[in-house]
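Chemist: requesting a structural model of the entry that follows:
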Amino acid sequence: MRVIRGKYKSRRFTPPKNFPSRPTTDYAKESLFNIIENKWELENIEVLDLFAGTGNISLEFLSRGVATVLSVDNHFVSYKFMKQTKNKLSANNWAIIKNEVFKFAPKIGKQFDIIFADPPFGLKNILSLPDLIFSSDICKEHTLIIIEHGKETDFSKQLNFDEVRHYGGVNFSFFTQK
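Modeler: Prediction:
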């Protein structure tokens, strides 16, 4: 896993072999950030990364100058790896929480400019994720929500859905808090 742009550009981080998730591919990540940077000025915004896994997306946001990132993942191995990476980089604007997303999101008590979620592709209640986000009072007006998912998941009928982009086996569905 490597950081594509920004202050951590070309830094590589290797998750342990027993890692419970798959990092977003560089191709998909680069395409995603081209879209994001055309919609948002990233400096001084706050980002929530749900199902953060390796912290790959969190690192890319941090590298590009966001004010803060809050990463949430339930797996201890993910939590530990992100904490180690944070310490290596001295990234004081990166908060990492070990918690179950569906239980934690309604309790965050803070709103974000961008919310990224990369749940396991086979998650049984994946289609309820947009409703969870919109009902949890974690969105500001015009918050951009991005959910990474497999091709078998279709969010197009969901509230506030904008578009879906396909990059090989990776899909990003975009929503906007209206």
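Chemist: alpha carbons of the longest strand along the chain, as CSV, please.
Modeler: In the chain, with assignment by DSSP state E, the single longest strand is strand 139-149. Written as CSV, here are the backbone C-alpha positions of strand 139-149 (Å, rounded to 0.1, in the frame of the first residue of the first chain):
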residue,chain,number,x,y,z
CYS,A,139,-23.4,15.1,8.0
LYS,A,140,-23.1,18.8,7.5
GLU,A,141,-25.1,20.5,4.8
HIS,A,142,-23.7,19.2,1.4
THR,A,143,-21.5,16.5,3.0
LEU,A,144,-20.1,14.2,0.3
ILE,A,145,-20.6,10.5,1.2
ILE,A,146,-18.7,7.8,-0.7
ILE,A,147,-19.3,4.1,-0.3
GLU,A,148,-16.9,1.6,-1.8
HIS,A,149,-18.5,-1.7,-2.8
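Chemist: tell me the strands beside that strand, with direction?
Modeler: Using DSSP bridges, the strands paired with strand 139-149 in its sheet are strand 112-117 (parallel), strand 170-176 (antiparallel).
Chemist: to Asp131, which of those lies closest?
Modeler: For these, proximity to Asp131 was assessed by CB to CB; strand 170-176 is nearest, at 10.6 Å. C-betas here are computed from N, CA, C, even on glycine.
Chemist: contacts for the closest one?
Modeler: Applying CB atoms under 8 Å, 6 or more residues apart in numbering, the contact partners of strand 170-176 are 24-25, 28, 32, 35, 130, 133, 142-151, 153, 155-156, 158-165.
Chemist: buried subset of these as a ChimeraX selection?
Modeler: Remark: buried members of these, expressed as a ChimeraX selection using 16 or more other CB atoms under 10 Å:
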select :24,28,32,130,133,143,144,145,146,147,148,149,153,155,158,160,161,164
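Chemist: quick check: phi and psi on Gly65?
Modeler: For Gly65, the backbone dihedrals are phi 90, psi 20 (criterion: degrees, to the nearest 10).
Chemist: burial of it, as a residue count?
Modeler: 14 (other CB atoms under 10 Å).
Chemist: ok, now the one 10 residues further on?
Modeler: Close neighbours of His75, defined as other CB under 10 Å, add up to 15.
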